[in-house]
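Peer 1: Got a predicted structure here, sequence first:
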Amino acid sequence: MKWNLIVDVGRCHNSQNCYLSVVDEYAGNEYPGYTAEMPLHGHKWIDILKRERGQAPMVDVSYMPTMCNHCDDAPCIAAAENGAIKKRDDGIVLIDPVKAKGQKHLVDACPYGAIWWNEELEVPQHWNFDAHLLDRGWKQPRCVQACPTGALRSVFTGDEEMAVIVKRDGLQVRGPELGTRPRVYYRNMDLFEKCFIGGSIAGIKDGKEECISGAVVVLNRDGAKIAELTSDDFGDFKFDGLDPDSGAYTVEILHPDFQSKSETVNLGESIYLGLLSLQTR
Amino acid sequence: MALSFILYFLKWHLRIACWRSPEFAKRLKEKNLVAQFKIADDSDGRYFEFENGKITSKSGLHPEPDVSVIFKNQRIAKDLLIPPIDYQKQIDAIKNFNLMMIGPDEQSNWLTEIILEAGRVGWRWGTDVGHGEIRYTNHTNGGPVFVYTKDGKIVRLTPIDFTDDDAGTWTIEARGRKFSPPRKTSLAPHGLASKSLIYSKDRLLYPMKRVDFDPNGARNCDQRGLSGYERISWDEALDIVASEIKRMNREHGPGAILAVRSSHHTWGNVGYYISAYVRFTNIIGASTTMLNPDSWEGWYWGAMHHYGHSMRNGAAEIYGQVEDCLKECELIVYWASDPEVTNGVYGSFEGTIRRQWAKSLGIEMVHIDPYLNETAAFMGGRWIAPRPTTSPALAHAITYVWMTEGLYDKDYVATRTTGFDKWRAYIIGDDDGTPKSPEWAEAETGVPARDIRALARQWANKKTYLAAGSMGTTLGGACRSATGAQWARSMICLMAMQGLGKPGINFGNLQFGAPIDYNFFFPGYAEGGMSGDLANTGSAINLYQRMPHLLSMNPNQQSVPRLKMPEAIMEGSAEGYPIDIRSIEGQFIPVKYPAPGHSPVRMMYKYGSSYISTQPDSNRYIKMYQSDNLEFVVTQAIWNEGEVRFADVILPACTNFERWDIGEWANPGGYGHDWIGQLNHRVIGLQHPAIKPLGESKSDFRIFHEICKRMGHGAYFSEGMSELDWVKRMFDASDLPKHITWKKFLKKGYFVVPPEGEKTRPATSYRWFAEGRKKDVPEPHPLPGSYGEDFLDGLQTQSGKIEFESQSLKRYGQDPERPPLNKYIPSWEGLHSSDLVEKYPLQLISPHSRYSFHTKGDGKGSSINDIEDHRTQIDGYYYWIARLNGDDARARNIRDRDLIKLYNGRGAVICAAQLTERLRSGVVHARQASAVYDPIGKPGYSTDRGGCINLLTPGRTQTTKTHSAAYNSCLIEIELWDGTESQTAAGEAAEIGGEVPAEAV
């Protein structure tokens, strides 16, 4: 049975409780055999990244907590001298606070930037899954306990069971191409990595400009239809899950009371097309 | 049984306590004295001699006792001395002079305290959790906590996970699913950061005196904020404070001392300012600070006039909305509502999961806010961004669509409201020739007319909850600008057209109205604690009877309106309007300073230190400190920050983690009646002192007691009891003893109140009103005299109904800015301000701090400072964040993380820029409550680098006949800051350049 962490990007709203719980646990406290004291300022063992997409008023914001991935194939373990970093049987990667002293190169060894250098104590440090607490019988690390939205979930299970969960829920990892085999999985990573094309449809009805709901909006790429939506009460539509920098798309708007309209867009980052006014038939 | 016989056992009681407890034995060594207990006619007595920690006792009368405890007769002595203590009888005896204590305060207090302490030597608390750690409990302002200590140091604080012997959890069934919250407490970020605050490098550890302040010589008042401090002893400090208090009374007369406090405190009923501080200020007869209803502004001054609720300061009923919303609601319109940031004030993240349930049920959401706030980003849904202060116009346009398209509940309007025809005439434009159409509103608000129509139709065609203000059930939100009252009023008028109280149609954002037990009594902090003040706290309602204690009353009838305090001190006069919850009309009666016949204020007893970044136009307060009219300023605070550097004498207080207290999560009581309804579980927590007070700091209670003892008021202040004795009394006064013994509660530290049974959950707010029945929610409001006809029949308004044309405002008729019909009057500082808008074209909004609890979690080395969305570190300095739209930034050559100066005619503040699309062009967003005031030049006259946004906001009240803050009617300009200081654009904020003030401590 091994420890895993599942992070749901769709549920994080940047309360920073995970970060604060780490500082609370480790600043001013040393746990011999596990960690030296964490500096009160400057270390983000759990670091929340922010991603804002779109333009006003079609904007969304997502947050991705990041931390040591406790990789099964950890580059830091390979780079460590004197066995300063070990992988436990329960999957947790632990930096030995004594053996790792002076090994500043380990900071760069982590491709995720999850290792922090403690200037005062001259030791590399990371989020260690609160191993000292788990070993005392705590059922979950502190960040999971403190998270108000259920964005963090720790799972203690066999690798086979975990593989089933990963497949069923479409979980992803950061930097899969690095071959590190993280034990931290992500749900809804698309909110961070993909883009949207959106817009607001309006037209004149009874002499007044109105939001047009119920318009059929088709997204085409390379001449082929890839998605279709219906505009909502505000005339809004939003095609999500598109790759950034993926070239030209065409948005086609169809409504029985109006002339159809077409708009071409070159997708770099997420785009809000703004007001798309339809002409009456 | 005779007195001397009964008391024979007291000697043994004390001796046994010494044997059992080395700490008690040490306590007994503190004083040598002779205590005489006797009957008034000297017919019987026993005296005790305390010498070097040893106790001897003899029957009879001692020739020269230090302290005498005198009982009128044997019957009274027997009544009071045989345990258990009956406090009602004891207080009775004291009030009627049947029990008297004669002797110096120092000694008589000591005597009573040690007798009570002897009874506690067997008490045990805290849980050994292994690894050398003991676990205690406490409360933060954002949730209860376990506090783990090791070797006298706090190791960690965590939320509380319930165990199987804690009470159960409710379930709501809605749309075929069952919802139950997790069995644990939640904790706000500022609660989690507590350890870094307790051990902050900026803790005040010993009393201090300003180096150039001599109470017997030159006071150098104009040097406040500039001078350094020197350490002094507690004796010196308290001697100065007590002698200044006495001098004020003798030289100037009643009124000269002003007690100044903020709106919140560290948690715990005994230590809360509505408890110990009120008792103390009553005892010294201080003039009081008349607060403005900051959390409620527009609701109190405006909304109340349409639907009542004076006892909630104009806020709505809060029962049953969670279940009703989950079962029935189809759309939630969040209007100036960001509960993920404001957390129901004290409710941590209890509501978060309930909002997630609502989203999972497919309930649609719309968010109205100039900023795409955190709740909006979290919940998703359409974002509508009116220009700041223009929301009332948006509301009127929605009303226009409903009226012209017949999209409203005609039956409800006809039977549950009055004044609709006049309201209609205004909206349609029949009375002033201007239809309040979506096109009209678009010009004012910047929201496209088509969007207004779409929203209005969607709202009316669905069962819609209006999340009005931060709590959802009204309170907060856009209520603090020149149009704050107009906005709050419009919220009532909108819901009055859609059938407020019908299934799925109510106020709320899932924050309030959970199905907990509302009948279990535990006093809230606003219920007066040990203050004994029946006039100014909620004590008379429950606590005064359940916990008999001595009455306290302030003989001084002078108060200073908080928002006009600088004018009061510097110019000698000020006027304001009170918070009077008894009626709707109470707010109309002006309060003038100075009160006739009272001395003007000459001394300030300042409690806490947050005004500079929480009060509007804060430079006024800074200048106030430097006035010679303030002969003496004493500040009692925990951290060296904000206004502390403007004091003459500084008294170091400790945090709630270093003293005893008891409290319930999120329970103010009083004006916040049933705010516990936002919790998933009610949790009452004993607040164990996890560590001893740091340095020489003391609890507020103890500081007040020490001062009182110097004036002979010691026994009266504390009733001879310690804080822990009061904690036990509070426990006894509540319903806790029916469920758990004191010993068990003391050890474990918390109690979860069992949930309400499904059949007895309170009814849904306003359902009674919508159905034309008598009021059936468990709210003891309004006063019987406010019901025009039968008891429980109707609202507090004159008609008993929701009034579109307010009868109370009509009767008043003296405030042209608050007409009986809620007409749109544009903000006096906004885009119509032709004299200002060219120089200061940007509208600033300054909502609540997210991670900090006002100033509490900010600055002072707190771990919150490292959160990028709170402060960002640039070249070693933590700058406050100001958010601006990308276009506005680019027009000024500002990039992300550039240092910028926000300025207008009132002041200037340096921030770090955060470019975002979450704001429309023309709007700047910077949160309030920086704990760091760091003026580059002369305090009060120069640019602040610390981030005190309130140096920019206007001190003008919303309307002239209210005492209300209008923070969000604020125009500014922004420019890149190059790190040097120069003349700002307008006159008043002229720099007196040069040196950074010398290090204060």
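Peer 2: Nice, I can see it.
Peer 1: Which pLDDT does the model give the spatially closest residue to residue B:130 that is not a sequence neighbour?
Peer 2: In space, and not counting its chain neighbours, residue B:130 is closest to residue A:136: 7.1 Å by Cβ to Cβ, 6 or more residues apart in numbering or on different chains. All C-beta atoms are positioned from the backbone trio N, CA, C, and that covers glycine. You'll see residue A:136 listed with a pLDDT of 97.
Peer 1: Pick out the residue nearest the middle of the chain.
Peer 2: Since no chain was named, I'll use chain A. residue A:64 (3.5 Å; Cα atoms, centre = their mean).
Peer 1: could you do chain B instead?
Peer 2: Mean-position check on chain B, Cα atoms, centre = their mean. Result residue B:264 at 3.2 Å.
Peer 1: Provide a list of residues in contact with it.
Peer 2: The neighbourhood of residue B:264, defined by Cβ atoms under 8 Å, 6 or more residues apart in numbering or on different chains, consists of B:141, B:853-854, B:856.
Peer 1: List the backbone torsions phi and psi for it.
Peer 2: phi -140, psi 180 (degrees, to the nearest 10).
Peer 1: returning to that earlier point: can you pull up the bridge partners for the residue nearest to the centre of chain A?
Peer 2: Taking DSSP bridges as the rule, residue A:64 bridges to residue A:49.
Peer 1: neighbours of the residue in the stretch 1-150 of chain A that chain B sits nearest to, just the number please.
Peer 2: Going by Cβ to the nearest Cβ, chain B is nearest to residue A:148 of the stretch 1-150 of chain A, at 3.3 Å. Other residues near residue A:148 come to 25 when the count uses other Cβ atoms under 10 Å in any protein chain shown.
Peer 1: Not counting its neighbours along the chain, what's nearest it?
Peer 2: residue B:349 (3.3 Å).
Peer 1: go on, residue B:556?
Peer 2: residue B:285 (4.6 Å).
Peer 1: State the distance from the one you found to chain A.
Peer 2: 43 Å (Cβ to the nearest Cβ, to the nearest Å).
Peer 1: ok, that residue touching residue B:249?
Peer 2: Yes: between residue B:285 and residue B:249 there is a contact at 7.2 Å, judged by Cβ atoms under 8 Å.
Peer 1: show me what contacts the residue of the stretch 1-150 of chain A closest to chain B?
Peer 2: Shown in contact with residue A:148 (Cβ under 8 Å, 6+ apart): A:15, A:17, B:186, B:348-349, B:352-353.
Peer 1: what two of the residues you listed have the greatest distance between them?
Peer 2: A:17 and B:353 (13.8 Å; Cβ to Cβ).
Peer 1: quick one: buried residues of stretch A:98-118?
Peer 2: Buried residues in stretch A:98-118, counted by 16 or more other Cβ atoms under 10 Å in any protein chain shown: A:99-101, A:103, A:106-107, A:109-110, A:112, A:114-118.
Peer 1: same thing with stretch B:232-246?
Peer 2: Buried residues in stretch B:232-246 (16+ other Cβ under 10 Å): B:232, B:237-238, B:240-242, B:244-245.
Peer 1: and it, C-alpha only, in CSV?
Peer 2: The C-alpha coordinates for stretch B:232-246 follow below in CSV (Å, rounded to 0.1, in the frame of the first residue of the first chain):
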residue,chain,number,x,y,z
ILE,B,232,9.4,50.9,31.6
SER,B,233,8.1,48.5,34.3
TRP,B,234,4.4,47.6,34.7
ASP,B,235,4.3,49.5,37.9
GLU,B,236,5.6,52.7,36.3
ALA,B,237,3.2,52.2,33.3
LEU,B,238,0.1,51.6,35.4
ASP,B,239,1.0,54.4,37.8
ILE,B,240,1.1,56.8,34.9
VAL,B,241,-2.2,55.5,33.5
ALA,B,242,-4.0,55.5,36.8
SER,B,243,-2.8,58.9,37.7
GLU,B,244,-3.7,60.3,34.3
ILE,B,245,-7.2,58.9,34.7
LYS,B,246,-7.6,60.5,38.0
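Peer 1: List the contacts of the residue of the stretch 151-281 of chain A found nearest chain B.
Peer 2: Closest contact between the stretch 151-281 of chain A and chain B, by Cβ to the nearest Cβ, is at residue A:211 (4.1 Å). The neighbours of residue A:211, taking Cβ under 8 Å, 6+ apart as the test, are A:200-202, A:231, A:233-236, B:450-451, B:453-454.
Peer 1: State the pLDDT value of it.
Peer 2: Model confidence at residue A:211 (pLDDT) stands at 98.
Peer 1: give me the low-pLDDT residue ranges for the stretch 1-150 of chain A?
Peer 2: Within the stretch 1-150 of chain A, no range satisfies pLDDT under 70.
Peer 1: And the strands in it, which stretches?
Peer 2: Assigned by DSSP state E, counting those that start in this stretch, the stretch 1-150 of chain A shows strands spanning A:2-8, A:47-55, A:58-66, A:85-87, A:93-95, A:116-118, A:123-125.
Peer 1: Residue A:33 is nearest to which of those strands?
Peer 2: Nearest of the strands of the stretch 1-150 of chain A (Cβ to Cβ): strand A:93-95, 8.7 Å.
Peer 1: ok, back up a step: over to the residue of the stretch 151-281 of chain A closest to chain B: give its phi and psi.
Peer 2: phi -70, psi 140.
Peer 1: swap in residue A:154?
Peer 2: Residue torsions, per degrees, to the nearest 10, at residue A:154 are phi -100, psi 140.
Peer 1: Next up, the contacts around it.
Peer 2: With Cβ under 8 Å, 6+ apart, residue A:154 has these contacts: A:3-6, A:129, A:140-141, A:144.
Peer 1: picking up where we left off before, show me what the residue of the stretch 151-281 of chain A closest to chain B is bridged to.
Peer 2: residue A:202.
Peer 1: ok, back up a step: who's in contact with the residue nearest to the centre of chain A?
Peer 2: Residue A:64 sits in contact with A:7, A:9, A:12, A:48-49, A:51, A:186, A:189, A:192, where contact means Cβ under 8 Å, 6+ apart.
Peer 1: and the residues you listed, which are buried?
Peer 2: Buried, going by 16+ other Cβ under 10 Å: A:7, A:9, A:12, A:48, A:186, A:189, A:192, out of those.
Peer 1: So of these, which two are at opposite extremes in space?
Peer 2: A:48 and A:189 (14.3 Å).
Peer 1: Model confidence score at the residue nearest to residue B:72 when sequence neighbours are not counted, please.
Peer 2: Nearest non-adjacent residue to residue B:72, counting by Cβ to Cβ, 6+ apart: residue B:98, 4.1 Å away. For residue B:98, the pLDDT comes out at 94.
Peer 1: any residues in contact with both of residue B:285 and residue B:249?
Peer 2: What both residue B:285 and residue B:249 touch, as defined by Cβ under 8 Å, 6+ apart, is the set residue B:257.
Peer 1: What count of nearby residues applies to residue B:277?
Peer 2: 24.
Peer 1: Nearest residue to it in space, please, no chain neighbours.
Peer 2: Residue B:277 sits nearest to residue B:607 (Cβ to Cβ, 6+ apart), 6.0 Å away.
Peer 1: That neighbour against residue B:638, yeah?
Peer 2: No: using Cβ under 8 Å, residue B:607 makes no contact with residue B:638, being 10.7 Å away.
Peer 1: Looking at those two, which is more packed in?
Peer 2: residue B:638 (26 against 22).
Peer 1: Can you tell me the closest non-neighbouring residue to the more buried one?
Peer 2: Per Cβ to Cβ, 6+ apart, closest to residue B:638 is residue B:653, 5.1 Å.
Peer 1: For the residue nearest to residue B:648 when sequence neighbours are not counted, give its distance to residue B:224.
Peer 2: In this structure, residue B:648 finds its nearest non-sequential neighbour in residue B:213, 4.3 Å apart by Cβ to Cβ, 6+ apart. Residue B:213 sits 9 Å away from residue B:224, taking Cβ to Cβ, to the nearest Å as the criterion.
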